[in-house]
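# what shape does this take:
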Amino acid sequence: MAKYVAQIIVLGAQVVGRAFTRAVKYEYAASQQAAKKAGGGKEGAKSAATNSIMGMTLQEAQQILHVSKLDKELIQKNYDHLFKVNDKAKGGSFYLQSKIVRAKERIEYELGETAAQNGGPQKSINNGRKSTSSQQSTKDTTSSS
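Residues are numbered from 1 along each chain as shown. This is a model prediction of the structure:
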């Protein structure tokens, strides 16, 4: 009887060990694929940091607002519509409304970075609020006076 119990325990440990090994290999492959998709290197790290700060990826923000390209008019139109439809006073969801606001903020952040690379005003995040670098320089000069 003890022999059969020992065999069952050994067999069970082998099955669990194989499943664990397979799960680790799968997770490693998925993380490698995610790193390649993010761009790898410094760009991947920058993208990951931005996603962490903003709380969502650019792709997720585009899905929420139903936009495939970063067109300001279309983004604003979809934002206004989705925000009104999900108004809590009209039976909508505050959670969805907040996701819509965060999605718009994420896309605006991306548009600000794109503009900065092209020589436009650069946006930065301070305590969850966005301000242009020209606004910050005026704040710095007024506070030092």
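
# pLDDT on the lengthiest helix in the chain, on average?
Longest helix in the chain, counting residues (DSSP state H): helix 2-38. Averaged over helix 2-38, pLDDT sits at 88.

# next SSE after it?
Later in the chain than helix 2-38, the nearest helix or strand by DSSP states H and E is helix 41-54.

# K99 reaches L65, doesn't it?
No - in this structure, K99 is not within contact of L65 by CB atoms under 8 Å, at 9.8 Å. All C-beta atoms are positioned from the backbone trio N, CA, C, and that covers glycine.

# picking that back up, for the longest helix of the chain, packing partners?
helix 41-54 (3 or more CB pairs under 8 Å, 6 or more residues apart in numbering; DSSP states H and E).

# next, the angle helix 2-38 makes with the helix it packs on.
Here the directions of helix 41-54 and helix 2-38 differ by 100 degrees (axes from the mean of the first three to the mean of the last three CA atoms, to 10 degrees).

# for helix 41-54, packing partners?
helix 2-38, helix 94-117.

# just these: most buried one?
Highest mean neighbour count of those: helix 94-117, a mean of 17 (counted as mean count of other CB atoms under 10 Å).

# list the residues that contact the nearest residue to L58 once chain neighbours are set aside.
Among residues not flanking L58 along the chain, E110 sits closest, at 5.4 Å (CB to CB, 6 or more residues apart in numbering). Contacts for E110 (CB atoms under 8 Å, 6 or more residues apart in numbering) come out as L58, A61, L70.

# buried subset of these, written for ChimeraX?
Filtering those down to the buried ones (16 or more other CB atoms under 10 Å) takes a single ChimeraX command:
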select :58,61
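
# just the ones of the contacts of E110 in helices?
Counted as lying in helices by DSSP H, out of the contacts of E110, are L58, A61.

# going by distance to A103, which of the contacts of E110 wins?
A61 (3.9 Å; CB to CB).

# the closest one contacts R106, correct?
Yes - at 4.0 Å, A61 counts as touching R106 under the criterion of CB under 8 Å.

# just for the chain, where's the confidence low?
The model of the chain has pLDDT under 70 over residues 37-41, 43, 114-145.

# give me the most central residue, it.
By CA atoms, centre = their mean, the mean C-alpha position of the chain lies nearest to M56, the distance being 1.9 Å.
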